[in-house]
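>>> all I have is the shape, not the residue letters:
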């Protein structure tokens, strides 16, 4: 079996995880690394026995990789992804797809025009939890969707801000760092978001940037949603602490971070506790629900994401998260930020 040679751009925390995944996947091998000229990374190529480059263009001039994984800082995503698209090199771009919605829209248009092979690293979309919940919804087990309630509430310790003082400033808060994951989840399960309304607070820490946000959402389907985001609340109700997919975090398998409700029933997620009325029965609060826990075969979403990328490279599959998805997630995040700043409802379909 021929292994797909992959280049990793940006061997930071996420980049090193991608390198580990590449090395452990029988269908891929590390072909090279691109990193800025910083001493902290200058020996990584020698340690891993692969070529080291200081810019992507030189790398692509020297190698013919099967694909490129871009895990550099957000500000470089657009130029590096565009270079891959223009050279017909498949790319996996870490989220967010770019640092601004305008760049994301331009990149998504270019990908569509050239029919390029590009996927975006919203890895939660590859979780078996997500595919199981999506199937339940598409099969009509919940009926027509009515509402979604979600939360990402966790407490970032002081050292998080000491290690990155920029996280205290505008642009470094949970809206742009954490919320984009949740937007991808809600779009996947409930469809496109047509309007948002948000209130933000920095009352706990007093930093210039928000620490807590309450959000109302309207979906094109007519469903409504609420979401509470906070990086200063001591709570287990976040994806990291309920999904049991990242061993870095303690997890609480009896807790949920989403509740999705339809006309026939509701699903608590990710415990996958389903309470529903049979399709043949008229729902009523006087009728008891049929209660069940939907089984899930667990797998690492990052491993599944890499397999999806390799399938896309080989022409054997389509991206689970497209450039359009990446741009749309960024568009919603930007609308939520603007809504919080202006105290207004922001429509996305206009």
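Right, received. Where do you want to start? Computed from a prediction, not measured in an experiment: that's the story for all the values here. Numbers count the residues shown, from 1 in each chain.

>>> which parts of the chain are helices?
Assigned by DSSP state H, the chain shows helices spanning 13-24, 44-48, 56-62, 77-86, 101-114, 128-138, 158-163, 174-177, 179-190, 239-242, 301-314, 323-342.

>>> and these: which comes nearest residue 272?
helix 128-138 (6.7 Å; Cβ to Cβ). Quick note: C-beta positions are derived from backbone N, CA and C, even for glycine.

>>> name the helices or strands packed onto that closest one?
Other elements packing on helix 128-138 under the criterion 3 or more Cβ pairs under 8 Å, 6 or more residues apart in numbering; DSSP states H and E are helix 179-190, strand 258-262, strand 265-269.

>>> could I get those as TSV with mean pLDDT and distance to residue 229?
Below are these laid out as TSV (pLDDT from 0 to 100; distance: least, Cβ to Cβ, whole Å):
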stretch	mean pLDDT	distance to residue 229
helix 179-190	96	6
strand 258-262	98	13
strand 265-269	97	17
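
>>> do you know which of those lies nearest residue 9?
Among the helices and strands packed on helix 128-138, helix 179-190 comes nearest to residue 9, with 19.8 Å by Cβ to Cβ.

>>> which residues touch the closest one?
95-96, 122, 124-125, 130, 133-134, 137, 145, 148, 150, 152, 193, 213, 217, 219, 221, 223, 225, 227, 229, 239, 258, 260, 321, 325, 328-330, 332-333, 336 (Cβ atoms under 8 Å, 6 or more residues apart in numbering).

>>> now the residue lying farthest from the centre of the chain: how far from residue 276?
The centre of the chain is farthest from one residue, residue 286, which by Cα atoms, centre = their mean lies 39.1 Å away. Separation of residue 286 from residue 276 (Cβ to Cβ, to the nearest Å): 15 Å.

>>> mind listing what's buried along the helix or strand bottoming out on mean pLDDT in the chain?
Using mean pLDDT, DSSP states H and E, helix 44-48 stands out as the lowest-scoring helix or strand of the chain, at a mean of 84. Within helix 44-48, the residues that count as buried by 16 or more other Cβ atoms under 10 Å are 44-45, 48.

>>> same question, stretch 154-168
For stretch 154-168, burial by neighbour count (16+ other Cβ under 10 Å) applies to 154, 156, 161, 167-168.

>>> coming back round to it: give me the buried entries from the contacts of helix 179-190.
Buried among the contacts of helix 179-190 by 16+ other Cβ under 10 Å: 95-96, 122, 124-125, 130, 133, 137, 145, 148, 150, 152, 193, 213, 217, 219, 223, 225, 227, 229, 239, 258, 260, 321, 325, 328-330, 332-333, 336.

>>> can you tell me the closest non-neighbouring residue to residue 77?
residue 98 (4.9 Å; Cβ to Cβ, 6 or more residues apart in numbering).

>>> scratch that, residue 10 is what I was asking about
Using Cβ to Cβ, 6+ apart, the nearest residue to residue 10 is residue 72, at 3.5 Å.

>>> ok, the one you found touching residue 80?
Yes - the criterion here is Cβ atoms under 8 Å, and residue 72 meets it with residue 80 at 6.4 Å.

>>> anything in contact with each of the two?
residue 9.

>>> any idea which residue is closest to the centre of the chain?
Nearest to the chain centroid, counting by Cα atoms, centre = their mean: residue 122, 2.9 Å.

>>> so what's that residue up against?
Neighbour list for residue 122: 95, 180-181, 184, 321, 325-326, 329 [criterion: Cβ under 8 Å, 6+ apart].

>>> over to residue 309?
So, once contact is read as Cβ under 8 Å, 6+ apart, residue 309 ends up touching 67, 69, 90, 92, 119.

>>> what do you get if the cut-off is 10 Å, keeping everything else the same?
Going by Cβ atoms under 10 Å, 6 or more residues apart in numbering, residue 309 touches 4, 6, 18, 21-22, 25, 28, 66-67, 69, 90-92, 117-119, 121, 317, 319-320.

>>> what about it, distance to residue 90?
7 Å.

>>> so what sits against both of these two?
Residues touching both residue 309 and residue 90 by Cβ under 10 Å, 6+ apart: 4, 6, 66-67, 69, 117-119, 319.

>>> any idea how far stretch 255-262 is from the chain center?
Mean C-alpha position of stretch 255-262 versus that of the full chain (Cα atoms, centre = their mean, to the nearest Å) differs by 18 Å.

>>> equivalent analysis for stretch 323-342, please.
Put simply, stretch 323-342 sits 13 Å off its chain's centre (Cα atoms, centre = their mean).

>>> stretch 165-175 too?
Distance of stretch 165-175 from its chain centroid, counting by Cα atoms, centre = their mean, is 18 Å.

>>> start and end of it, how far apart?
This stretch, stretch 165-175, spans 17 Å end to end (Cα to Cα, to the nearest Å).

>>> average model confidence for that stretch?
Averaged across stretch 165-175, pLDDT comes to 85.

>>> ok, residues contacting it?
99, 152-154, 156, 160-162, 164, 176-177, 179, 182, 198, 200, 202, 205-213, 215, 229-232, 333-334, 336-337, 340-341.
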